[in-house]
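Undergrad: pasting a predicted model and its sequence here:
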2 protein chains.
Amino acid sequence: MKSRDGKDLWAFFEPRSVAIFGSVKDGMGLACGVIKNMQDYGYSGKLYPINPSGGDALGLKVYPALDDVAVTVDLAVVITPPPTVPGIIEQCARKGVKAVVIVSENFAEANHDGARLQQQLVDITSRTDVRIIGPNTVGVLNVANGLVTIPYMIGYRNIRKGGIAYCSQTGIAAAQCQPLGDRAYPISKMVDFGNKCDVNEVDVLNYFADDPETSVVAMHLEDVKDGRGFMEAAKRLTPRKPLIILKTGRSEAGARASASHTGSLAVSDRIYDNALKQVGAIRVSTWQEYWDIPKVFAYQPLPKGNRIAIISHSGGAGVVAADAASEAGLAVANFTSPTLDKLAKLTPRLARNPIDLGPSLSVSEDPFVIQEEVIATALNDDNVDCATIVLYGGVMSPTQFTVEMFDRLKQRLSKPVTIWVYGTSLSLLEEMSRQLEERSLPTYTDLETAVKALGALVQYAEFRRGLNLT
Amino acid sequence: MKSRDGKDLWAFFEPRSVAIFGSVKDGMGLACGVIKNMQDYGYSGKLYPINPSGGDALGLKVYPALDDVAVTVDLAVVITPPPTVPGIIEQCARKGVKAVVIVSENFAEANHDGARLQQQLVDITSRTDVRIIGPNTVGVLNVANGLVTIPYMIGYRNIRKGGIAYCSQTGIAAAQCQPLGDRAYPISKMVDFGNKCDVNEVDVLNYFADDPETSVVAMHLEDVKDGRGFMEAAKRLTPRKPLIILKTGRSEAGARASASHTGSLAVSDRIYDNALKQVGAIRVSTWQEYWDIPKVFAYQPLPKGNRIAIISHSGGAGVVAADAASEAGLAVANFTSPTLDKLAKLTPRLARNPIDLGPSLSVSEDPFVIQEEVIATALNDDNVDCATIVLYGGVMSPTQFTVEMFDRLKQRLSKPVTIWVYGTSLSLLEEMSRQLEERSLPTYTDLETAVKALGALVQYAEFRRGLNLT
């Protein structure tokens, strides 16, 4: 049996050369889609389109067969009719290709014929060194080197480089379906597992545990192929890096739906829940949390405790945040007397937590000065471990002023913060979020998730303290 | 004691004339803010700025005192220093003004002096006919006639006219803080209760129960001033119209935070929960749900049962939706044999629920034809009561084609649907949402809420069936 230590996964993410098997018809076939995306994202390795047609495509020579390529090929991407795939993988193995992404669909997820073909792929991987991601996948994306195996139009070129590895069991979590340009999540690499005929969550956890460019792993799972292997790999990862898991198929109906398209067995959700707790993974429950929670780890330090300061423009929002804090295992901090005195000197009504800046800001000559002072005062309180800050972003409050305030605050803050921006224009809010996140300030479109993100930080910090890690 | 039957609230929403007390300095004071917003939203009643300065503001004559206005004034908006407010309300009462919105802050929410002043307001309302909303409020907004009492810059003019009345206990839920132009919720009227010195949730529930322009009431509450009155008013409303409640201060920390800014008493959340169930209100738990759930009632019919069809482009999304359905009290429908046969004829793998259109669409000549047929087939199944439809909106799928598909489908659909659109460009998704909602198709930015909205519809339909209403 192959080692699942992740060491041979490098060829999926850092290949020096890639062969692409598939249609290059009129420069429009799916193989051309992959090439186009690689070019858009700036991949600088060698690309070898393989198609019996020969000729040229997108400025590249098309090779009739893999054997016609004279040099070593690290990675192959295969988008050909299913019956042709096993033969292609055999060629790849013979040629010394290390890694293959099989994009083609209609394998085990489709019907018995597909399952038989998929078994042939498993047989090849068990007797050769080739590793396979897929089939039925869009494969991988590496933000650092522009490698991308997605054959579909993505529609944007800018993905922010950062520490999150997103690993998912569904193509809808990949770049061609997600607004990664607009949302600007800080991403290292992405993987779509597909049918997991070979590479699965175990390999991937082990690979990302060692990947220096990845500091957080986010994983969407419908099933786990090898429970013991998963537990071991997760236990190896979590002391080093946080692991955020969205496990779907929680309900009976969900598990049934999952079984029908992945062939996975229904396992009681409580078993998953306990296992994930045991390995120190952080379980999230919604699709949006899968995307939004990991960035807090990429951008912010871990807190020393669970006491939150809530700094808002609105009493109503303060109450919403306090509820969310309770539900996320956070305690609304009791400020120390020096803090209360300092706040009261600014305006008597500020001296409580949640802080409602609204009345003070509306009568202030320079609201950003008060806001800045309040944020610094609250976060420097010994009874405070973290803070959620509510910001108004809109016509009355230019983004530039807010951003400059945080630039000044930077030296005065060392504890984790999350931000909720609200306002009247979605495009202004998105722009403000992007600018704040460029400054490593995780910014959310809803208040409860901003608070919950701190809850996740606290949960992971406590897990590390339990292991005597600091 | 005054009747709280809501009948005298008309002057807040449909005044023929409005006096505005406050600063008109350099055309920039807060009174001018109100006038400017009224002009922007097209209010056609008479406006009378009142300020000892006299002169002109924004093209209107400024009256030194209310008594200088010769005609009847229905509504007054007061934005003056707190000590001046009781005297102004006395003048209003003498002059026969029916309704006053007190925007001024620093009453009971601020300190003891403010509480004393607020008590004076209560005294005036108890011995005169004048009704007060506030103090510490931005008041009301009526989409139909452009009446708006908000003094702050709103930043957009287009609010979609529709059936939802949003009533909230915090100014952050009002138009100057929310992207109502971008999100296009279908709104009839909005109220910010403020300190509730007179008009409170009881009056408002009774008013909206009778308001022909309102078909759904969404209410954010931190406290209830009169529990029995609230229960009675809610019981009167819910057989006619759905009532969606976001009750915050659920947690001890939240209740404490609420008490500190509203002076409300902490009441166990379970009491609220039971009371809301008893009156048939639908309780939501997040700020976003408060905004997003009501529109399903404004746009869609009630379902006959709880069986959902899930029509997705992705097996993974289908599982997420199935989990959300279970958690929202929905059953994933078992299609009848004729439906399964019909789907199988299109493509064998479509014949299950959740339906994963992905593999069929990616090989289809005209994916919109298949999608249309599948949606109609699933929704016309006798075992199906409602559906959540997942749509890709983006560079590869022009909004126009999707919208045209639903225009064709319109005649074939009679059961409630909700939609989740996903894709790579937030602005394209927003545009697609707006266009679908122009066609009364409630569209969500996250899948779980799209499903949960159907759960809310089902809950309300069951409540009505329990009362033998159809």
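TA: Yep, that arrived.

Undergrad: alpha carbons only for contacts and neighbour counts from here, please
TA: Noted.

Undergrad: near chain B, which residues of the stretch 101-250 of chain A? Just list them.
TA: Listed as neighbours of chain B in the stretch 101-250 of chain A under the rule CA under 8 Å from any CA of the partner chain: A:105, A:110, A:153-156, A:169-172, A:175-182, A:222, A:248-250.

Undergrad: any of the residues you listed buried? List them.
TA: Buried subset of these (neighbour count, 16 or more other CA atoms under 10 Å in any protein chain shown): A:105, A:110, A:153-156, A:169-172, A:175-182, A:222, A:248-250.

Undergrad: these in helices, which ones?
TA: A:180-182 (DSSP state H).

Undergrad: turn those residues into CSV, columns for pLDDT and distance to A:Glu431.
TA: Formatted as CSV, these follow (pLDDT from 0 to 100; distance: CA to CA, whole Å):
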residue, pLDDT, distance to A:Glu431
A:Leu180, 97, 14
A:Gly181, 95, 12
A:Asp182, 95, 9
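
Undergrad: and of those, the nearest to B:Val319?
TA: Distance to B:Val319 across those (CA to CA) is lowest for A:Leu180, with 22.4 Å.

Undergrad: mind saving the C-alpha coords of stretch A:50-64 as CSV?
TA: Extracted in CSV, the C-alpha atoms of stretch A:50-64 (Å, rounded to 0.1, in the frame of the first residue of the first chain):
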residue,chain,number,x,y,z
ILE,A,50,-2.0,16.0,-26.0
ASN,A,51,-4.5,15.2,-28.7
PRO,A,52,-4.3,12.8,-31.7
SER,A,53,-5.2,15.8,-33.9
GLY,A,54,-1.8,17.3,-33.4
GLY,A,55,-1.5,20.9,-34.7
ASP,A,56,-1.5,24.0,-32.5
ALA,A,57,-3.7,25.4,-29.8
LEU,A,58,-3.5,28.8,-28.0
GLY,A,59,0.1,29.2,-29.3
LEU,A,60,1.2,25.8,-28.1
LYS,A,61,2.2,22.7,-30.1
VAL,A,62,-0.3,19.9,-29.7
TYR,A,63,1.4,16.5,-29.3
PRO,A,64,-0.4,13.5,-30.8
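
Undergrad: list the residues that contact A:His112.
TA: By CA atoms under 8 Å, 6 or more residues apart in numbering or on different chains, A:His112 lies in contact with nothing.

Undergrad: contacts for the one helix or strand A:Arg270 maps to, please.
TA: Using DSSP states H and E, A:Arg270 maps to helix A:269-278. Outside helix A:269-278, the residues that touch it by CA under 8 Å, 6+ apart are A:231, A:249-251, A:282-283.

Undergrad: what of stretch A:40-57?
TA: For stretch A:40-57, the external contacting residues (CA under 8 Å, 6+ apart) are A:15-24, A:26-27, A:31-32, A:35, A:60-66, A:69, A:143, A:145-148, A:157-158.

Undergrad: how far off centre is that stretch?
TA: Centroid separation for stretch A:40-57 versus its chain: 28 Å, with CA atoms, centre = their mean, to the nearest Å.

Undergrad: now do the buried residues in it.
TA: Quick answer for stretch A:40-57 (16+ other CA under 10 Å): A:40-43, A:47-51, A:57.

Undergrad: what do you get for stretch A:326-336?
TA: Neighbour counts over stretch A:326-336 (16+ other CA under 10 Å) mark A:326-335 as buried.

Undergrad: against which helices or strands is the helix or strand hosting A:Val101 packed?
TA: Using DSSP H and E, the element containing A:Val101 is strand A:99-102. When contacts are defined as 3 or more CA pairs under 8 Å, 6 or more residues apart in numbering or on different chains; DSSP states H and E, strand A:99-102 sits against helix A:10-13, strand A:75-79, strand A:131-133.

Undergrad: could you dump those into TSV and include mean pLDDT, mean neighbour count and distance to B:Leu428?
TA: Output for the helices and strands packed on strand A:99-102, formatted as TSV (pLDDT from 0 to 100; neighbours: other CA atoms under 10 Å in any protein chain shown; distance: least, CA to CA, whole Å):
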stretch	mean pLDDT	mean neighbour count	distance to B:Leu428
helix A:10-13	98	21	31
strand A:75-79	98	28	29
strand A:131-133	98	27	32
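
Undergrad: the biggest helix by length in chain A near chain B anywhere?
TA: Longest helix in chain A, counting residues (DSSP H): helix A:447-466. Yes: interface with chain B: helix A:447-466 contributes A:447-448 (CA under 8 Å from any CA).

Undergrad: contacts for that helix, please.
TA: A:239, A:242, A:280-282, A:289, A:292-294, A:296-297, A:302-306, A:317, A:320-321, A:324-325, A:328-330, A:386-388, A:390, A:416-420, A:443-444, A:470, B:286-287.

Undergrad: pull the CA atoms of stretch A:317-325 into CSV?
TA: What follows is stretch A:317-325, C-alpha atoms only, in CSV (Å, rounded to 0.1, in the frame of the first residue of the first chain):
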residue,chain,number,x,y,z
ALA,A,317,-26.1,45.6,17.2
GLY,A,318,-24.4,45.3,20.6
VAL,A,319,-27.1,43.0,21.8
VAL,A,320,-27.0,40.9,18.7
ALA,A,321,-23.2,40.5,19.2
ALA,A,322,-23.6,39.7,22.9
ASP,A,323,-26.0,36.9,22.0
ALA,A,324,-23.7,35.6,19.3
ALA,A,325,-20.8,35.7,21.7
